[in-house]
Each structure stands twice: as structure tokens, then as C-alpha cells.
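In: below are the sequence and a predicted model for it; my questions follow.
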Amino acid sequence: MQIDAISSINYNNTALALYNLSDSLKRRLVEAGISVYGIKSDEEAEEILQANGISVKEEEKTKKAEKTKAETSKVSYYDEELIFDIKRLASDLGMYVSEDIDMKEMLYNISMVITHLKNLFSNNKNLREVANQFDERYQNIYSRYMARKSTLSTEIIN
């Protein structure tokens, strides 16, 4: 009975030690081929990493790089979605969409086409309604573009 109790205590201490280590340090230890079992604190893990020639400052650089990469991928996804919507609206309007045109220029061109359609269809209720639907889509996309532009400006300042 006493042997089981001792095994249980050792197991629980090891499990608690795993929960006391930060995820980034656990990952760094595993990447370095060092067992995480028996390491009871972040400080101890940092000492072991330094003893093995792995700088803790490298870990900080890695964290910053991963954070930047995650933020960049979010930016890219949002921008890709916005670009897709701009291109789809332009295509629906019968416009040619060049791969190297920037969003601002494309939005300006779309705006000019919609204005032209509204003027052209001012006497036809059904066609004017179609032009208004294009304009609503444009306004939605443009407001998202401006919000994104504002967000990027704020991120650059911070």
C-alpha cells in the first residue's frame, strides 16, 4: 500500500511540474531534445536551456516573430477577402481586373463606372435599381476598405 502511495505522489509531482512550465519553455525544451519531466519551474527550465547553449533571448525573439507572423497572416487574410470582393464587384460590372492594380485605384474605377451607370439609367426604374444595388455593394466594400486603412494606420502608430 505504501509503495502505491509513493508512486502516486511522484506521478502527481511530475504532472504538476508540467503544468507549472510555460508552454513556450516546454516547446523549447522538447525542440532541444530535453525531457520536461522533473523540471519544476520556468527558471529551472531557462537554466537548463542556457546550460545547453540555447539563449533565452532567442526564445523572446521567437515569440515576437511568431506573434508578428500571426498578425501578418490575419492582415493577409482580411486583405485577400477584401481584394476578392473588389474584384468580384468589378467583374460583375463587366470591368477588366488587372492583377497589379491597387485597391484604392480599383475602388475609384468602380465608383466611376457606378456613377456612369446611375446617370445612364436615370430614366429606367428597373435598371436604376440594378445600379443602386451595385452602389450598395460598393459602399459596403469601401467602408471595409476605409476601416482597414484606419486599422493599419493605428497599428503603425502603436
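Out: It's in. Note that the structure is predicted; figures quoted are calculated from it, not measured.

In: just the pLDDT at the closest residue to residue 52 other than its chain neighbours, thanks.
Out: In this structure, residue 52 finds its nearest non-sequential neighbour in residue 32, 5.9 Å apart by C-beta to C-beta, 6 or more residues apart in numbering. Yep, even glycine has a C-beta here, placed from its N, CA and C like the rest. Looking at residue 32, its pLDDT reads 79.

In: my guess is residue 32 contacts residue 54, does it?
Out: Yes: counting by C-beta atoms under 8 Å, residue 32 does reach residue 54; the two are 5.7 Å apart.

In: what about the two, which has more around it?
Out: Using other C-beta atoms under 10 Å as the criterion, residue 32 and residue 54 rank with residue 54 on top: 17 against 12.

In: I'd say the more buried one and residue 29 touch.
Out: No: assessed by C-beta under 8 Å, residue 54 is found out of contact with residue 29, at 9.1 Å.

In: coming back round to it: how near is the residue nearest to residue 52 to residue 50?
Out: From residue 32 across to residue 50, the span is 11 Å (C-beta to C-beta, to the nearest Å).

In: lovely, talk soon.
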